[in-house]
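Peer 1: Below is the sequence, then the predicted model.
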Amino acid sequence: MSIKLDGKKLSLEIEKRLNEYISINKKIAKRAPGLAVIRIGEDPASGVYVNNKEKACLRVGIKSFIFHLKDNVEQKEVEKLIDKLNFDEDIDGMLLQLPIPKKFDEQKLISHINSNKDVDGLNEINIGKLVKNETAMRSCTPAGIINLLRSQNITIKGKKIVVIGRSLLVGKPLSLMLLNLNGTVTMTHSKTLNLNKVCKEADILIAAAGKPNLVDSTFVKEGAVVIDVGIHRLKSSDKNKSRLCGDVLLEDVIPKVFAYTPVPGGVGPMTVTMLLVNTIFSWQKQFGLSSALNDLMP
Ligand code: NAD
């Protein structure tokens, strides 16, 4: 029988550790870790994500600061806010909730965030350090996937790993992290020829294409590990209902695999957990606290 890599369960276990770590170390730091979230505009999905992050912070004892800006705000004003938060001593981590309205220069705003507070691990300094395999803030979804694999002692070293997708958010940083951990990594994308043949070579196959049910059993080697990053809301035949699915056609793939992630409850919860971990890392660095959580950082 194949193993379900339960991201929800693992994220609760990690949250318990984070909560204990904060309770012990708050006495030394004399304040809780702080996370600032900047949201611009009214994208409803962003509203849900920001709420989830706020609740997760509350569960582990991180103080969250939410800045919800109207979409008629100017780029310069957002930069000013980021500058202010960069110098705010109560803030250890900061993120810009994406997507933001198109009129903004997203990369410029992300670059404005001090790299020590860049808990999404998306600015040039942190990406550069990842390329050089130096310790730095790592982007959350890829870091969550590495922790999910480790939780079931799934070896990365020497394995053939195929990543579908080359985005800056998921595919690229994930491929680099796996490479740094000595996997033999093939990065694929929308222009890759014979995608299913390439994928069928993989000991570990990771789908981050953003295409519902792209990966069926013809993509998967017997006994492989399949990680599904995609998340899509599909309308069901009953118009008032919808259901979530990923990039992997799970019912077709599960009988063949050694392990898989469900959607929902796989990669998603781990992404939020790694945001908490990154915020606490920044706090740890600031106050020279114990390195008891270092095993969580890929
Ligand atoms: P993106 O659109 O920025 O990138 C998609 C990548 O997939 C591109 O590099 C593209 O070349 C490739 N691609 C597209 N169609 C393909 C195809 N048919 N065959 C092969 N490659 C193809 O998306 P993203 O931000 O990387 O996100 C990917 C998916 O992961 C989305 O469904 C997103 O919602 C989801 N996601 C989930 C989490 C989470 O926490 N669970 C976090 C981030 C993203």
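Peer 2: Nice, thanks for sending it over.

Peer 1: max-length helix in the chain?
Peer 2: In the chain, taking DSSP state H as the definition, the longest helix is helix 7-29.

Peer 1: Off-centre distance for the helix or strand following it?
Peer 2: Per DSSP states H and E, helix 7-29 leads on to strand 34-40 as the next helix or strand towards the C-terminus. For strand 34-40, the distance from its own C-alpha centre to the chain's C-alpha centre is 16 Å (C-alpha atoms, centre = their mean, to the nearest Å).

Peer 1: so where's the chain shaky on pLDDT?
Peer 2: Within the chain, not a single segment meets pLDDT under 70.

Peer 1: Quick check: residues of it near the ligand?
Peer 2: Proximity of the chain to the ligand, by C-beta under 6 Å from any ligand atom, involves residues 141, 164-167, 169-171, 188-190, 192, 195, 208-211, 214, 229-231, 267-268, 271. Bear in mind the C-beta positions are built from the backbone N, C-alpha and C, glycine included.

Peer 1: among those residues, which ones are buried?
Peer 2: 141, 164-166, 169-171, 188, 192, 195, 208-210, 214, 229-231, 267-268, 271 (16 or more other C-beta atoms under 10 Å).

Peer 1: So residue 174: helix, strand or coil?
Peer 2: helix (DSSP: H, G, I helix; E, B strand; the rest coil).

Peer 1: Apart from its neighbours in sequence, what residue is nearest it?
Peer 2: Of all residues not flanking residue 174 in the chain, residue 142 sits nearest, at 3.7 Å (C-beta to C-beta, 6 or more residues apart in numbering).

Peer 1: domain assignment for the protein?
Peer 2: Here the domain parsing of the chain from automatic domain parsing is 30-114, 140-268.

Peer 1: Give me whichever of those domains is most buried.
Peer 2: Mean neighbours per residue, mean count of other C-beta atoms under 10 Å, is largest over the domains of the chain for domain 140-268, with a mean of 19.

Peer 1: Mind listing what's buried along stretch 6-13?
Peer 2: So stretch 6-13, judged by 16+ other C-beta under 10 Å, has buried residues 6-7, 10-11.

Peer 1: List of residues touching it?
Peer 2: Residues outside stretch 6-13 that contact it (C-beta atoms under 8 Å, 6 or more residues apart in numbering) are 144, 147-148, 151, 261-262, 265-270, 272-273.

Peer 1: One more: stretch 52-69?
Peer 2: Identification of contacts with stretch 52-69 by C-beta under 8 Å, 6+ apart yields 15, 18-19, 22-23, 26, 31-41, 50, 77-78, 81, 85, 90-91, 272-273, 275-276, 279-280.

Peer 1: Endpoint to endpoint, it covers what distance?
Peer 2: 18 Å (C-alpha to C-alpha, to the nearest Å).

Peer 1: same check, this time on stretch 99-109
Peer 2: Criterion C-alpha to C-alpha; first-to-last residue distance in stretch 99-109 is 12 Å.

Peer 1: what about the helices in the stretch 51-200 of the chain?
Peer 2: Counting by DSSP state H, counting those that start in this stretch, the stretch 51-200 of the chain has helices at residues 75-87, 106-112, 124-131, 140-151, 171-180, 195-199.

Peer 1: which one of the ones you listed lies closest to residue 157?
Peer 2: Nearest of these to residue 157, taken as C-beta to C-beta: helix 171-180 at 9.9 Å.

Peer 1: Quick one: list the elements packing against the closest one.
Peer 2: helix 124-131, helix 140-151, strand 160-164, strand 184-188 (3 or more C-beta pairs under 8 Å, 6 or more residues apart in numbering; DSSP states H and E).

Peer 1: Quick check: the nearest residue to residue 121 once chain neighbours are set aside vs residue 233, distance?
Peer 2: Distance criterion C-beta to C-beta, 6+ apart; nearest residue to residue 121, sequence neighbours excluded, is residue 139 at 3.7 Å. Separation of residue 139 from residue 233 (C-beta to C-beta, to the nearest Å) stands at 23 Å.

Peer 1: before we move on, what about residue 269?
Peer 2: Applying C-beta to C-beta, the value for residue 269 to residue 233 is 17 Å.
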